[in-house]
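Colleague: Here's a sequence, model it:
(2 chains, ligands or ions: 1)
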Amino acid sequence: MAIVQPVQPALEQAGWGKGEPLRLDRAPLFLLYINVLIIASCGLVYELLAGTLASYVLGDSVTQFSLVIGFYLFALGIGAWLSGFIVGSPARVFVEVELAVALVGGCSAPVLFLAFGYLRGFHFALFSVVTLIGTLVGLELPLLMRILKEHLDFRDLVSRVLAFDYIGALAASLLFPLFLVPQLGLVRTSFVVGLLNALVALWGTHLLRPLLPRRVGGLQGRAFLVIGLLVAGIIKADLFTDLAEEQQFGNPVVFARTSQYQRIVVTRSESDFHLFLNGNLQFHSADEYRYHEALVHPAFSAAIDRRHVLVLGGGDGLALREIFRYPDVESATLVDIDPAMTELGSGLPLLRTLNADAFGDRRLRVIHEDALIWLEQVDRKYDLVIIDFPDPSSFAVGKLYTTTFYRRLLRCLAPDGVVAVQCTSPLSAPRSFWCVVKTLENAGLHTWPYRASVPSFGEWGFVLAARRDLGTVSNWRLDERVASQLKFLDNSGLQGLFELPLDMRRLEVEPNRWNNQILVRYYESEWARWK
Amino acid sequence: MLKASAIAGTAACSGCGSRVGPFSFPGAIIGAARDRGHELRGDRRLDEPVAEWHTVDVVIVGGGVAGLASAWTLDKLGLRDFVLLELEEALGGTSRGGRSDVSAYPWGAHYLPTPMPENIELLRLLHEAGAIEQFDADGSAVYAEEQLCRDPEERLFYDGQWHEDLLPSDVSDRERGEWDRFRIEVDAWVAWRDPQGRRAFVLPSDRGSDDPKVAALDAISMTEWMEQRRFHSPFVRWEIEYACRDDYGTTLDQTSAWAGLFYFASRIRNPGESPQPLLTWPEGNGRLVRFFADQLGNRARTGMLVTAMRPAKSATSGGNGGGVDEAASLKPGSMPEGPFDGVEVVARSAADGILRGWRARHAIFAGPQFIARRIIENYDRERGDAVRQFTYAPWLVANLHLRDRPVEHSFPVAWDNVIRDGQGLGYVVATHQSGRDHGPTVLTYYRPLCEFTPSEGREWLESCDWNACVDVVLRDLEIAHSDLRPLIVRLDVMHWGHAMIRPVPGFRFGTARARCQERFGNIQFAHTDLSGIALFEEAFAHGCRAAREIADQQRERVP
Ligand SMILES: Cc1cc2nc3c(=O)[nH]c(=O)nc-3n(C[C@H](O)[C@H](O)[C@H](O)COP(=O)(O)OP(=O)(O)OC[C@H]3O[C@@H](n4cnc5c(N)ncnc54)[C@H](O)[C@@H]3O)c2cc1C
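Modeller: Next up, the predicted model:
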């Protein structure tokens, strides 16, 4: 971008800049207004993209939009101010600026998604991109007005250019939510809009030909390069976020990352967000409290001692949130195989708000290892174990539901310890549910199966297990200090969880063994019916 | 077809060290002791003085499963004064394993079917080793679940995909019908009993029937048997040949019908039932080797190449001939005072190159017969013709150390992963049994060289440098895993020149095998080759038997 003075001698050498005003007669003027319209729309779309993306991934759309708009408008001002330093051919600079906008703006959404995938430094990336685009867009209109001022009187110039500018804004604000985002997704929209800017630049080399230096080959070459890049981006947009994935999940994807262990996707609807692992819903922010209260509090109500808690799986930190409500918890150990998951739980602002910053709690120790392997070497006892593994849809996960696994677990369970296990739906996958119960019993544990209804999942199943008989459910009481904070469970609700209706009654099934993972086969066949 | 691929293999290998590779990862051919073994072919052992002599009750030569089982049994019988001499630096023989930072892994034997209730000795071993947790009231064994092979046990690669189990689903109904018919034949043998009530096929095999009807099976090859019964389906052929290659390192032509049926029928308890579940460990049967070794302490001496065994004069009188004159060839002054009726064993230590001798009442030779012929005095003269009937299949085994797993698109990785169109048997995954499903692992690739004659196969192995071996391994595995190469951090190759005794037609029920089981002076024999099939159960049973016979002899001696 040639926007600073030292460029001038070169321009003069090229034989123009100070001499006669050159005439623009290669195209009717209204085509130039179309340019204004496109430029204006594009500029607004970038702003909307940044705002939407930020509020998707960070939540709190009021703050995000307000900050993005503020920074963007301010940057427009910087651009307008900088335009005053440009001497020499405004036409050439205009084309250069267009190309820069095309490139930076066009790549803004994918760049921000990538930055977000790696969480750290997202804010920096966001405001840098917004400021850069704003500055460049801020340069556009002043330059264009300088180009046109030779052909129009000032009154007409200002009124028409500004009018088209505002029309463009309206067009963008309508197209963005109605067409662009739903049809193209954020990443493709960004590339497509960038492409428009690049086309304006290319067209500019033709339209403004008389005002440009003799040889425009270089400019055109760069324009083609940028166009090529953006077209490639449009074709390959799925690399950044999968539009197919968005269609699969029905909502825009705000975070997607394939870790060594799984595909992690966070999607966002108007007021909620959702976490998917390998395409399976892990939680829906609107009703996850039902799931996590049901997972954690029955075990805490049944346990005598609850100082030392072990959480297996659950890298989203939502079970931890429930656990840390208890002041008597002295330590919590979370074992999740996937660092990407706990990074999400501790880094994604949306999630941090939801898990009440559980990863910041001093009582927590996080371990990244396969729970089965970790259990082999653990040498201390836990009063409570909360097991929140994904459903047993593969052998690699199914092994975490075998007699072998539970036997290993027993070695680190305090004599009076209590275990809670999430175990898929007793309604949709009853054999799978009862298979987990049966397996725990086979490993030598007493069991208390229960269920809660979680609208986004349906009827969901859990089971408590302990070495000794914990007595009758009716004796279990929620801790008063915690009860007041809950949204789903009260004491009678707690009892109710253990009353299973007829359609969830016990089935005779095989236990899930290391050498015969029947659970994976049950699970596959049962859920196949619902898909 | 097999011949053709053999030739292709040879062409690919001879002198190809320059054409393939270089590979970006390191590795080596294991088997340094190979060269030490070759020392036995020379004769310099005779004129070198023995530096020191020791006296023990029993010397065990060979620390494979048979030798280790002998030691274990001797201990049980109260005969604790013994020494076990093993030429390799590690115990275990063809059942040994290795270990890296990532996992233990096998070099040879890698599984053991859970034994039937009649195999009491083996059940006892498994109980002591912790594989059996307890015996139920009805006497049935309760196994430590995580030592049973983890599901999924096996998968098969064909049509560009992995499929569950080894029985492909793409076969016609007619072929499947033929397979069912084969299963019925097997079940008939499972149900069969001879007049003494013995099964035809049972582990250990010596407890099986020697009824003429069973013996007749040994007279023909598995190919002939299948032709007689009109088994023509290529799929059924493949399945059965796979079993023979896997367990014996032989093709259908090279396997007697007795051995072919043995594979299937000995593992099924009652007609209609599935085969016995398998026990396995990351280091394969090396786990049981370690158990044995832990009991031995310093009575096991590794790096000891036994170069000579001499039954002493008076001992041979009760035996079967043997070194009468040769006792005199011992170094002057090396003979003990007074009459000596035992065995002298001389071994060279790898550590210091010194020859050491042991004088023992008894010895157990727990190595293969082809070596007995080279080190036991007069053995070749007495039994050479019998020993020459023992033929051994060569194998190539490779351990691939991977930084990460190949990408999987179809049926997920199993313990045993078989590639239908491969030349080898596929690979087992060392970390499968420990439950580590991500990150670094070790794959053990198995390849019997059954398309050659045994000696051609050994020549082939000798002609193969490391690059050539790696090429053979990768060519096979890349059929299923095109992304494998960059994941390899190290690849070691084991050349097993005499990996497995071959159950060729006529061997099992021939006289040679029976003859070599008999004691030679005070030397007992224990090795899986004495069964005509190479299996843990067989090696173990021979080891136990040899130890018991020594205990019996001792008892006769002490009135
Ligand atoms: C590749 C491969 C895979 C196999 N897989 C299986 C399997 O999955 N399951 C199964 O049951 N079986 C398997 N086997 C068969 C295996 O051979 C037997 O299970 C068993 O290990 C045989 O034990 P052994 O003691 O009879 O013989 P070996 O293992 O041959 O032991 C003989 C020992 O004697 C030593 N020795 C020989 N000469 C001397 C000397 N002069 N001085 C000192 N020491 C000497 C050798 O070094 C060796 O350690 C496999 C074999 C191979 C090669």
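
Colleague: Stretch B:151-169 vs the ligand: in contact?
Modeller: No - judged by Cβ under 6 Å from any ligand atom, stretch B:151-169 makes no contact with the ligand; its nearest approach is 13.0 Å. Bear in mind the C-beta positions are built from the backbone N, C-alpha and C, glycine included.

Colleague: quick one, strands of the stretch 1-150 of chain B?
Modeller: B:29-30, B:52-61, B:82-85, B:97-99, B:104-106, B:112-113, B:132-135, B:141-143 (DSSP state E, counting those that start in this stretch).

Colleague: okay if I get those strands as CSV plus mean neighbour count and distance to the ligand?
Modeller: Output for the strands of the stretch 1-150 of chain B, formatted as CSV (neighbours: other Cβ atoms under 10 Å in any protein chain shown; distance: least, Cβ to the nearest ligand atom, whole Å):
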stretch, mean neighbour count, distance to the ligand
strand B:29-30, 18, 12
strand B:52-61, 20, 5
strand B:82-85, 24, 5
strand B:97-99, 20, 11
strand B:104-106, 25, 8
strand B:112-113, 22, 6
strand B:132-135, 14, 17
strand B:141-143, 15, 17
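
Colleague: Of all those, which one is nearest chain A?
Modeller: Across the strands of the stretch 1-150 of chain B, chain A has its closest neighbour in strand B:141-143 (8.6 Å, Cβ to the nearest Cβ).

Colleague: re the thing from before, which of the strands of the stretch 1-150 of chain B sits closest to B:Arg405?
Modeller: Each of those has some distance to B:Arg405 by Cβ to Cβ; the shortest is strand B:104-106, at 15.0 Å.

Colleague: Output the contacting helices and strands for the closest one.
Modeller: strand B:97-99, strand B:441-448 (3 or more Cβ pairs under 8 Å, 6 or more residues apart in numbering or on different chains; DSSP states H and E).

Colleague: Out of these, which is the most enclosed?
Modeller: Per residue and on average, the most neighbours among these fall to strand B:441-448, with a mean of 25 (mean count of other Cβ atoms under 10 Å in any protein chain shown).

Colleague: Spell out whether that strand and chain A are in contact.
Modeller: No - taking Cβ under 8 Å from any Cβ of the partner chain as the criterion, strand B:441-448 and chain A are apart, separated by no less than 12.7 Å.

Colleague: Mean pLDDT and distance to B:Ile376 added to the strands of the stretch 1-150 of chain B, as TSV?
Modeller: Below are the strands of the stretch 1-150 of chain B laid out as TSV (pLDDT from 0 to 100; distance: least, Cβ to Cβ, whole Å):
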stretch	mean pLDDT	distance to B:Ile376
strand B:29-30	90	27
strand B:52-61	96	9
strand B:82-85	98	14
strand B:97-99	96	29
strand B:104-106	98	30
strand B:112-113	98	30
strand B:132-135	96	37
strand B:141-143	96	39
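
Colleague: any weak-confidence spans in the chain?
Modeller: I'll assume chain A. A:1-28, A:59, A:117-120, A:239-248, A:531 (pLDDT under 70).

Colleague: Let me rephrase: I mean chain B.
Modeller: Applying pLDDT under 70 to chain B flags the ranges B:1-21, B:31-47, B:313-340, B:558-559.

Colleague: Spell out which residues make up each domain of the chain.
Modeller: Reading this off chain A. Per automatic domain parsing, the structural domains of chain A span A:7-243, A:250-282, A:291-528.

Colleague: please go with chain B instead
Modeller: B:7-35+B:392-501, B:50-93+B:299-390+B:504-557, B:182-276.

Colleague: Figure out which of the ones you listed is closest to B:Pro106.
Modeller: Going by Cβ to Cβ, the one of these nearest B:Pro106 is domain B:7-35+B:392-501, 5.5 Å.

Colleague: what number of residues lie near A:Ala286?
Modeller: 14 (other Cβ atoms under 10 Å in any protein chain shown).

Colleague: what's the single longest helix in the chain?
Modeller: Looking at chain A here, since you left the chain open. helix A:29-58 (DSSP state H).

Colleague: my bad, chain B
Modeller: Chain B, longest helix under DSSP H: helix B:536-557.

Colleague: coming back round to it: let me have the helices and strands packed on strand B:104-106 in CSV, extended by distance to B:Phe25.
Modeller: Below are the helices and strands packed on strand B:104-106 laid out as CSV (distance: least, Cβ to Cβ, whole Å):
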stretch, distance to B:Phe25
strand B:97-99, 17
strand B:441-448, 13
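
Colleague: can you list the residues of the stretch 301-450 of chain B near the ligand?
Modeller: So the stretch 301-450 of chain B meets the ligand at B:304-306, B:366-368, B:371, B:375, B:395, B:397, B:446 (Cβ under 6 Å from any ligand atom).

Colleague: let's see it at 5 Å
Modeller: B:306, B:367, B:371, B:395 (Cβ under 5 Å from any ligand atom).

Colleague: how about the residues of chain B near chain A?
Modeller: Residues of chain B lying near chain A by Cβ under 8 Å from any Cβ: B:145-146, B:148-153, B:277, B:404, B:412, B:434-439.

Colleague: Between helix B:536-557 and the longest strand anywhere in chain B, find me the angle.
Modeller: The residue-count maximum for a strand in chain B (DSSP state E) belongs to strand B:488-501. For strand B:488-501 against helix B:536-557, the angle by axes from the mean of the first three to the mean of the last three Cα atoms, to 10 degrees is 50 degrees.

Colleague: Show the buried residues in the residues of the stretch 301-450 of chain B next to the ligand.
Modeller: B:306, B:367, B:371, B:395 (16 or more other Cβ atoms under 10 Å in any protein chain shown).

Colleague: Next, format these as JSON lines and append secondary structure and distance to B:Gln161.
Modeller: Formatted as JSON lines, those follow (DSSP: H, G, I helix; E, B strand; the rest coil; distance: Cβ to Cβ, whole Å):
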{"residue": "B:Val306", "secondary structure": "strand", "distance to B:Gln161": "50"}
{"residue": "B:Gly367", "secondary structure": "coil", "distance to B:Gln161": "44"}
{"residue": "B:Ile371", "secondary structure": "helix", "distance to B:Gln161": "45"}
{"residue": "B:Trp395", "secondary structure": "strand", "distance to B:Gln161": "28"}
